[in-house]
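Q: Would you be able to build a 3D model of this:
(chains A and B)
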Amino acid sequence: MTAKKRNILVTSALPYANGDIHIGHLVEYLQTDIWVRFQKLRGHNCRYFCADDTHGTAITISARKKGITEEEFIAGVSRSHQADFAAFGIEFDNYGSTNSPETRRFCEEIWSAIRKAGLVEEREIKQLYDPVAQTFLADRFVKGTCPKCGRTGQYGDSCDCGAVYSPTDLIDPVSTLSNTTPELRSATHLFVEIERCHEFLEDWVANSGALQPEVVNYLKGQFLSDALWPWDVSRPAPYFGFEIPDSPGNYWYVWFDAPIGYMGSTLQWCRKSGEDVNFWWKNPETEIHHFIGKDICYFHTLFWPAMLKSAGYTLPTKVHIHGFLTVNGEKMSKSRGTFILARTYLNHLNPSYLRYFFATKTSPRVDDLDLNFEEMEARINADLVGNIVNLASRSAKFASVTGLGDTYPEDGGLFRKAADLSEEIAAAYEERDYGKALRYILECGYRANKFFEDAAPWTIRKELEAAGGDANPDAFRRLQDVATVSVNLFRQIIVYLTPILPDLTRQSEELLGCRITSWSDASEPLLGKKIGTYKHMMTRVPKEGIEAMIEETKNLNTPSGAEQPPASSEEAAPASEAAVSDDQWKDSGQPLLDEPMSETITIDDFLKVDLRVGRIVEAEQVAEARKLLKLKISLGGSETRQVFAGIKAAYPEPEKLIGRLVVFVANLQPRKMKFGLSEGMVVASGPGGPDVFLTFPDEGAKPGMRLH
RNA sequence: GGGUCAGUAGCUCAGUCGGUUAGAGCGGGGGACUCAUAAUCCCUAGGUCCGGGGUUCGAGUCCCUGCUGACCUACCA
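A: Numbers count the residues shown, from 1 in each chain, chains lettered A, B, ... in the order given. From the prediction side, this is the model:
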């Protein structure tokens, strides 16, 4: 290892102060934390800074909903974020907030620099304004009818039909904040003419080495091949953020101050620790590493370097860009129970599992990363518990009897071999290729277990016992040798794993009676020590923990769940009364009890569902399917849809359905099923199985008619 | 429609500058052992390296083309 001590400043993207930390966030913070711990273990002067991203309209809205000020709101979120991070062992040197005097200081400095550089232009733009909520409306806060196809309930920027437009083009626009009609107002906005940095950016992107090759391609093809659009960095009051000093009534857009929050957080730490902020941000001898997700690549690879460059700050040494998290191969989903909050995870599973599993999946590429629970279980159980922790468990049992010898015994070159891997493993960590690092580390584990197996210390112990006490010093010596080797091989592995599993290191230190403070500890054997009694370091992944976590996530997200716990009982009460009421039909209240009413929706919500009268023109069994019938629904004219409906048990003779009219959900996203594409849904009631009852329109209805 | 990336054993992946019989872990099958959290160790399973062309003495590895998938983008990030 080179003796040169590097200065390394590291950041993770600032989490937005508008929601809880979930496992998707953790992909980034865990991989950054691992990288930082690695650099520190290598003896470098490394600091990790982060902060909450606290500005913008969304924060104001959330605070209002709770009836508190924005400052109160973000303070609460910050506490919760930091608690979650700490529980996962993510250690920042400073965790700040963009709503801080330190961040404001840098905003002002950088702003005046880009003003001076002639990058700022003013322009009038027309925008929808909500007079009730007293705010200008971003695209996603306006809904209305698409000017092209006439669909209702579309967002301000685009329609499901594919049309793209500006919110001012919407017919009957409605503010989603107040449900009132917004008015058109014009306002002055400030734009950064980033195109003036085009040449610099092109060069930096291509030649700095700061970006992954696929990112370079992406930026070149997607942005740098054309003129760069001016960047709108201001928002008119009221806006929760910092007022622009030379443009009263205007505020910096949240994305202007977010990356500057990195600097603000650094300064905060500098003030506490007596360091010079310029040593970290204006120093060619200091490296700056940003870890971000691919969604915010644009801001960090174009705007941010342009801002830094204009203000004379150090450009990023490396922007480490990672992909998104999927769960069981799909996007995280609230209803499937895979939109898992950090806290929910912590309620059921050991954070080390996730640290380890994410590490196995981490590569320097921008690829998405999949969390498959079965795979996670298998890898933790096999790699960590079976291979590595088990090595400690089995060797410590003997080592605690014999202690470690004073000289390192002959081990067939195993210790040497693992020590020789030191730089390769380090290189893999450095490149953020933790999966590769772990492959090397696990090899050490296999070799160590094999050594232990071949040496068979349990048979040596039997020799000892047969001889009775100390009567066989040779056997004792051999037993001590085996223990010394295997404990040391274990310790090497633990040194290498320390960035990923700091808790496991702590437990190992206790067992070994010796701290692990440096990467080079892996190259020096530990000798002449007593070894403590082994205590379990890690248990296998509890299946029920995973299930309970998913269950809890589902409950957090269903209307009848934790948010409104009394809902079902309250609503059930009147239904029970109905059951005993004296109406002539004597209908039971049971169905309503079985499936309580959903929460209230607006007419717009309802209109989203396009219900049509359809005629079943074909109906057939799907031989291999347990529950499905294949239907062809005509909507009149030549319009037909193929549908797979789970009604086989209720309608065992599909040919009897042919010709009948049904109510049909016509705009449901098509779904690929095992037997083909299902392009909608027929409406039916009942609990399922044989008790499914299709809904038939009254006489006179024609295929294609919409239900209102 | 344009772009980026990927497609290697049931699963997750490794395969450096093109070079000899394509690898690992998990899982499966068989065996051994008992120190250890049913963990460990040994043996084994045989995949047209997505398909098709081409370059080459030689291609999983380079070029072209097709297919499939993920993501981005579709004249406001």
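Q: drop to CA atoms for contacts and neighbour counts, all remaining ones
A: OK.
Q: So which bits of the stretch 351-500 of chain A are right by RNA strand B?
A: A:361, A:367-369, A:375, A:378-379, A:381-383, A:385-387, A:389-390, A:393-395, A:397-398, A:436, A:445-447, A:449-450, A:452-454, A:456-458 (CA under 7 Å from any atom of the strand).
Q: can you rerun that using 6 Å?
A: A:378, A:382, A:385-387, A:389-390, A:393-394, A:397, A:446, A:449-450, A:453, A:458 (CA under 6 Å from any atom of the strand).
Q: These in helices, which ones?
A: A:378, A:390, A:393-394, A:397, A:446, A:449-450, A:453, A:458 (DSSP state H).
Q: Check the residues you listed for burial and list the buried ones.
A: Neighbour counting by 16 or more other CA atoms under 10 Å classes A:390, A:393-394, A:449 among those as buried.
Q: Isn't A:Gln212 up against A:Arg365?
A: Yes. A:Gln212 lies in contact with A:Arg365 (CA atoms under 8 Å); the separation is 7.4 Å.
Q: Now do the nearest residue to A:Met538 once chain neighbours are set aside: how many residues are near it, please.
A: Distance criterion CA to CA, 6 or more residues apart in numbering; nearest residue to A:Met538, sequence neighbours excluded, is A:Val385 at 6.5 Å. Residues contacting A:Val385 under the criterion other CA atoms under 10 Å number 19.
Q: wait, isn't A:Val385 in contact with A:His536?
A: No. With contacts counted by CA under 8 Å, A:Val385 stays clear of A:His536, the gap being 10.0 Å.
Q: before we move on, back to that, dump the buried ones among the ones in helices among the residues of the stretch 351-500 of chain A next to RNA strand B into a markdown table; add distance to A:Tyr356 and pLDDT as well.
A: Formatted as a markdown table, those follow (distance: CA to CA, whole Å; pLDDT from 0 to 100):
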| residue | distance to A:Tyr356 | pLDDT |
| --- | --- | --- |
| A:Asn390 | 16 | 95 |
| A:Ser393 | 19 | 94 |
| A:Arg394 | 22 | 94 |
| A:Asn449 | 20 | 95 |
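Q: Whatever residue of chain A ends up closest to RNA strand B and A:Lys535: what is the separation?
A: Nearest to RNA strand B, among the residues of chain A, is A:Gly386, at 3.3 Å (CA to the nearest atom of the strand). Per CA to CA, to the nearest Å, A:Gly386 is found 15 Å from A:Lys535.
Q: can you check A:Val277 too?
A: With distances taken as CA to CA, A:Val277 is found 44 Å from A:Lys535.
Q: returning to that earlier point: shared neighbours of A:Gln212 and A:Arg365, which are they?
A: Common contacts of A:Gln212 and A:Arg365, defined by CA atoms under 8 Å, 6 or more residues apart in numbering, comprise A:Ile321.
Q: Which strand or helix spans A:Asp20?
A: Here A:Asp20, judged by DSSP states H and E, is contained in no helix and no strand.
Q: before we move on, back to that, reformat the ones in helices among the residues of the stretch 351-500 of chain A next to RNA strand B as a markdown table; add distance to A:Asn555.
A: Formatted as a markdown table, those follow (distance: CA to CA, whole Å):
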| residue | distance to A:Asn555 |
| --- | --- |
| A:Ala378 | 27 |
| A:Asn390 | 37 |
| A:Ser393 | 39 |
| A:Arg394 | 42 |
| A:Lys397 | 44 |
| A:Tyr446 | 42 |
| A:Asn449 | 44 |
| A:Lys450 | 46 |
| A:Glu453 | 48 |
| A:Trp458 | 51 |
